[in-house]
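Novice: I need the structure of the sequence given here:
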Amino acid sequence: MAALDPMSTHIGGGAQSDFYRLKPLAFSEEEFRKPIPLGPEGVVNYGVLENGMKYFVRANKKPPQRAAIALVVKVGSVSEEEEERGLAHIVEHLAFSGTENFTNHDIVKFLESIGAEFGACQNAYTSADETVYELMLPVDKPELLEKAFQVFSEFATKIRVAEEDVKKERGAVLEEWRQGRDARGRGAEAHWKLVMQGSQYEHRLPIGLEKVIRNAPASTIRGFYTKWYHPENMAIVAVGDFGDTDPVVQLLHKTLGTCKAAPDAPPLRPLKSFDFMPHNVPRYSAHVDKETQQSVCYISFKHPKKQLLSAFDHREHMIGELFSIIMNSRFFKISRQTNPPFYTASTQSEEPCRPVQGLGLTAACEEGGTLVAIEALLKEVARVRVHSVSERELRIARARVLSDFETHYLERDQAYSTDLRDEYVRHFLQGEFVVGQELEARLALSSLPGITAGDVQAYADKYCPECSCVIKTMEHRQRATEDDLQAVVAAVAQLEATAGVGGLEPWQEDPLPESLIEAKDLPEPEAAVSTRRWEVVDAKEMVLPNGMRVIYKSTSFLDDQVLLSGFAHGGLSEVPVDEFDSLSCSTLLATELGVFGYKPEVLSEIMAGKRVNVSCSIGAFKRSFSGDQSPLDLESALQLVHRLFTTRVEPNPEDLQVIMAMTAEGIKSSQRDPYTVFANRVRSIVFGGCYYFRMLTVDKFLRIDPDAACDYFTAAFSNPAEFTIVLVGAITPEMAEPLIERYLGGIPAQAANGPAPILPADVTPLPFGFPKGVVTDEVRMPMVEALNSTQITLPVELVREAGGARYSSDEASGVLADLQWLDLSTRILESRLLQLLRFKFGEVYTVQVSVFFGVEAPSRVGSVRGDVTISFSCDPSSAERLRELALDELEKLQQSGPSEHQLATALELEQRAYEVGLQENSHWLERILSAYQSRRFAGDLDRSHTTRNRVRDEVLKAATPDEIRQAFCRIFPYPCRSRYAAVTLLPLHPWYRRPAPVAATLTGAGIAVYLISRLYRRRTS
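Specialist: Numbers count the residues shown, from 1 in each chain. Presented below is the predicted three-dimensional model:
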């Protein structure tokens, strides 16, 4: 096959890695279509246990001392009979409730005791075709892995299905079902049924039917479990820091290899399978739901699922990737046009079920604009079929694909165990090949150069109305009919048929700049005026002539990552209140207009093939930017920062018109969402009506001053002396310092008579205040189906004397200590509430306890104010009672503290999370940033780091149930019922009727991703 010219893929040139020196694979025609053996060769240990269960074991060191394991069952909701609809998902729930040898949620307690957190969407999922149980656990103690395998062995054949277990778990499953009954969930269900019409999958959504969830007897559930849960239908996958995989395989033989189908299980039967059912005539649907936020159109094309087995399959997959990248680029450019047909649009691939490969086009548009949007989507695909794609488009798309393969190759020894585990899960379920990063990189280098514009053009044939097509609109109120949709399809077909005689014209491309900064505009390097070495953190600080301060730390966690973050004190709290609405929109407007001197659609193509992502924001107390890039593209990232400080954002009228219309539509549509209205009411109460947290209405937005907003943004990022920049990752002094001195040191210093930098002590606080006493409120909204959300918010305050007498002489230590006490306390509180509300009463799906200090400036000294929020959803009729139970539980913790076991669990979870964090660039980035943002440490990085570690160690050593009890009394309001705000979202029904469910819609252009995550899989824990 043709050799690849690396310079043809890395747009703009730049450094090249060893990836481009790999030798492409060469295949004969027979080898090209032959399945590739499971690999990497000599790395994965796989086989079949004596009971027929398959196993895949692989050693991997990231994260250290951890293993990612999965029990995979080839059984999902499609295997259910009519009276069993929802039982596959219920069985998954019951696994964590109890088995023959683990009772009363002992499995959950075990998981938490070893630092494997149990929570929503973390430990298992059920789809139409499979059920998968997942764990991430420490392996520094050999007995933990064996215990985890024993748990999976119990899941495989010994789940206890008693009436008592089922009764307790029904409530959690019902609440999960209820969470899917909002406009998005209703629309997703309607979409699934339309796409799967005529097949078994149409009526086999994993969540099942309410009547089955409420009424299915334990005997029926157990019958489903014993019928399908046979070892021959399963696989165990284990990837982790094992060293040697042979002892792990021996453990599998000892634990899972000996498990057998339940004694009352019927004989093993073939798994149910259903073929792809094509339809040549498009299906049309115009859905309406009054709670839908945004007008959306969706076009689906279904094809028989093809397994990814060979180099030929891999090449076909690459063609699809290139097609999607090119189409998404075109859609983005179209959305930037004057009076665009849509605001966002995309193409995506989805796998809703085992026999189906779905290709989709989605768009979000203005109200009443779905027909125009559908026409634009279909026309663009037709344009590719008629005129193909340009060589420039193909080159840019190829560069982006290769960039991803390059990252995977460079970090081939640093892949996360969860990612590798999931590859082997897909291999077992779908036959997808697993060959390792190096071989896959060589496959890409072999296939991509030979893919032509004609190949991409031919791929567009998969997006024809005859390809089992479904065309659907989703609107707040009906503006389109099914006849309208059919007429649009016919019109586009006619246009395509007459191409060349007044029909579709070729795609037009504007000239593309060759680089971010032209050679004549490159700044001269400016050497640092001072440097400092932080020995404890192993970082270096540079102060540049323009006053900018830069700190960098070299790590070896990921070979293809450098994290970048910069900040300056002073944000939106400094602006006059009467200008706040305009200036708070500055980041939105500037980002859409282009903050780096180019429009976003142009910049995207300039940066093709470079792994760079830099974004900006202006918050209440600081201005900041951040990025995640390859060390090979660090120069491009710093060029973007240079342009950020040297570019004046200009509100071009044509671009501004599109941005204003798109944003106004989004604001208007969000006001139809009960949860958005609820969240706004919570913020208003908790923050005392502070202007900063008020919802921006359409009327106020349309009155903002775009010129003032753009001027404010330009000024916010103009004075380098105000900014501190931190870089963490795979960098060396020899690489980083010349680039820092050229692009950051080359930013012009602000004139001496310019505005003085805002110092940490000068940051203006927000005028917020938590209400005194107790506030309870209800937000009642008209709803198609009765839903609930409950939030209990309590103010917390960390003061100088916090943490006990041993910290009283050190303000910084006192606040840091109470932050550590608060972390332990909230972990315990969340676990207690989960045990109570879900496992004891079975009335919630999950409970979350979260901490927020974002309303207080990080540079503040003295007391630090924030809040703790308890949130859950339930049957609306139970909301008040469960709220009181939650407060009762907090009251008990203030009176008696936690048990020894609960404290030990919290300490283990904290320790395991800390250990993982130490191996992440993001952990060290936060450590460095916090030291420079804090007035307590004033940039003394070593003192900050040492103090945080010392305080953490002291708190963890001092932690006892009584110390936790004191923390609950000291940090939270005491007694807790003396001061809190409780807000509940409830349905508002007309007095004369209760609304019946109606067909509904999805919101946003990310419909395909949403459907996969929400519908195709139902997660338990």
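
Novice: these two touch, right, residue 509 and residue 387?
Specialist: No. The criterion here is CB atoms under 8 Å, and residue 509 misses it with residue 387 at 12.0 Å. Placement of C-beta: from N, CA and C, glycine included.

Novice: more neighbours: those two, which one.
Specialist: residue 387 (16 against 12; other CB atoms under 10 Å).

Novice: local confidence estimate at the more buried one?
Specialist: The predicted local confidence for residue 387 comes out at a pLDDT of 94.

Novice: if I look at the closest residue in space to residue 146 that isn't next to it in sequence, how far off is residue 144?
Specialist: Sequence neighbours aside, residue 251 is the residue nearest to residue 146 in space, at 5.5 Å (criterion: CB to CB, 6 or more residues apart in numbering). Distance, residue 251 to residue 144, using CB to CB, to the nearest Å: 11 Å.

Novice: nearest residue to residue 750 other than its sequence neighbours?
Specialist: Nearest in space to residue 750, with sequence neighbours left out and distances taken as CB to CB, 6+ apart, is residue 719 at 4.2 Å.

Novice: and the one you found, backbone torsions?
Specialist: Torsion angles at residue 719 (phi, psi; degrees, to the nearest 10) stand at phi -110, psi 100.

Novice: among the helices and strands of the chain, which has the poorest mean pLDDT?
Specialist: When the helices and strands of the chain are scored by mean pLDDT, DSSP states H and E, helix 1007-1011 comes last with a mean of 35.

Novice: where along the stretch 901-1021 of the chain do the helices fall?
Specialist: Assigned by DSSP state H, counting those that start in this stretch, the helices in the stretch 901-1021 of the chain fall at 921-933, 941-958, 961-971, 1007-1011.

Novice: out of the ones you listed, nearest to residue 51?
Specialist: The closest of the helices of the stretch 901-1021 of the chain to residue 51 is helix 1007-1011. By CB to CB, the value is 36.0 Å.

Novice: which pLDDT value does the model give residue 503?
Specialist: According to the per-residue confidence, residue 503 scores 74 in pLDDT.

Novice: er, residue 37 actually
Specialist: 89.

Novice: name the SS class of it, please.
Specialist: Three states are possible here, and by DSSP: H, G, I helix; E, B strand; the rest coil the one that applies to residue 37 is coil.

Novice: renumber starting at 32 from here on
Specialist: Sounds good: first residue 32 from here, last item residue 68.

Novice: how near is it to residue 469?
Specialist: From residue 68 to residue 469 the distance is 15 Å (CB to CB).

Novice: residue ranges with poor pLDDT in the stretch 382-531 of the chain?
Specialist: For the stretch 382-531 of the chain, the stretches flagged by pLDDT under 70 are 531.

Novice: if we can go back for a sec, could you say which of the helices of the stretch 932-1052 of the chain is packed most deeply?
Specialist: Here the criterion is mean neighbour count by mean count of other CB atoms under 10 Å, and of these the winner is helix 1038-1042, at a mean of 22.

Novice: can you give me the end-to-end span of stretch 774-781?
Specialist: Between the opening and closing residues of stretch 774-781 lies a distance of 16 Å (CA to CA, to the nearest Å).

Novice: what's the answer for stretch 633-646, then?
Specialist: From the first residue to the last, stretch 633-646 extends over 16 Å; the measure is CA to CA.

Novice: okay, buried residues for that stretch please.
Specialist: Counting neighbours by 16 or more other CB atoms under 10 Å, one finds that the buried residues in stretch 633-646 are 633, 634, 635, 636, 637, 638, 639, 640, 641, 642, 643, 645.

Novice: got it, and stretch 93-103?
Specialist: Neighbour-count burial for stretch 93-103, with 16+ other CB under 10 Å as criterion, is recorded at 93, 94, 96, 97, 98, 99, 100, 101, 102, 103.

Novice: now the residues you listed in a markdown table, with distance to residue 75 and pLDDT?
Specialist: Converted to a markdown table, the buried residues of stretch 93-103 look like this (distance: CB to CB, whole Å; pLDDT from 0 to 100):
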| residue | distance to residue 75 | pLDDT |
| --- | --- | --- |
| 93 | 16 | 92 |
| 94 | 19 | 91 |
| 96 | 21 | 91 |
| 97 | 18 | 92 |
| 98 | 14 | 94 |
| 99 | 14 | 95 |
| 100 | 14 | 96 |
| 101 | 14 | 97 |
| 102 | 18 | 98 |
| 103 | 15 | 98 |
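
Novice: mind telling me the two of those farthest from one another?
Specialist: Pairwise distances among the buried residues of stretch 93-103 were taken by CB to CB; the largest, 24.1 Å, belongs to 96 and 103.

Novice: now name the helix or strand holding residue 470.
Specialist: Assigned by DSSP states H and E, residue 470 falls within helix 468-478.

Novice: buried sites along that helix?
Specialist: Neighbour counts using 16+ other CB under 10 Å place 468, 470, 471, 472, 473, 474, 475, 476, 477, 478 of helix 468-478 among the buried residues.

Novice: how many other residues sit next to the nearest residue to residue 786 once chain neighbours are set aside?
Specialist: Leaving aside its sequence neighbours, residue 786 sits nearest to residue 750 (CB to CB, 6+ apart; 7.5 Å). For residue 750, the tally of surrounding residues (other CB under 10 Å) stands at 23.

Novice: my guess is residue 750 meets residue 788, correct?
Specialist: Yes. In this structure residue 750 lies within contact range of residue 788 using CB under 8 Å: 6.4 Å.

Novice: now list whatever residues contact both of these two.
Specialist: Common neighbours of residue 750 and residue 788 (criterion: CB atoms under 8 Å, 6 or more residues apart in numbering): residue 599.

Novice: could you find the closest non-adjacent residue to residue 103?
Specialist: Counting by CB to CB, 6+ apart, residue 266 is the residue found nearest to residue 103 once chain neighbours are left out, at 4.6 Å.

Novice: which of the helices or strands spans that neighbour?
Specialist: Counting by DSSP H and E, the element that carries residue 266 is strand 265-271.

Novice: restricting to C-alpha, output the helix or strand following that strand in PDB.
Specialist: Moving toward the C-terminus from strand 265-271, the next helix or strand (DSSP H and E) is helix 277-286. Output of helix 277-286 as PDB, limited to C-alpha atoms (Å, rounded to 0.1, in the frame of the first residue of the first chain):
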ATOM      1  CA  ASP A 277      -0.600 -16.400  35.400                       C
ATOM      2  CA  PRO A 278      -1.500 -16.100  39.200                       C
ATOM      3  CA  VAL A 279      -4.600 -14.000  38.100                       C
ATOM      4  CA  VAL A 280      -5.700 -16.800  35.800                       C
ATOM      5  CA  GLN A 281      -5.200 -19.300  38.600                       C
ATOM      6  CA  LEU A 282      -7.500 -17.200  40.800                       C
ATOM      7  CA  LEU A 283     -10.100 -17.100  38.100                       C
ATOM      8  CA  HIS A 284     -10.000 -20.900  37.900                       C
ATOM      9  CA  LYS A 285     -10.400 -21.100  41.700                       C
ATOM     10  CA  THR A 286     -13.300 -18.600  41.900                       C
END
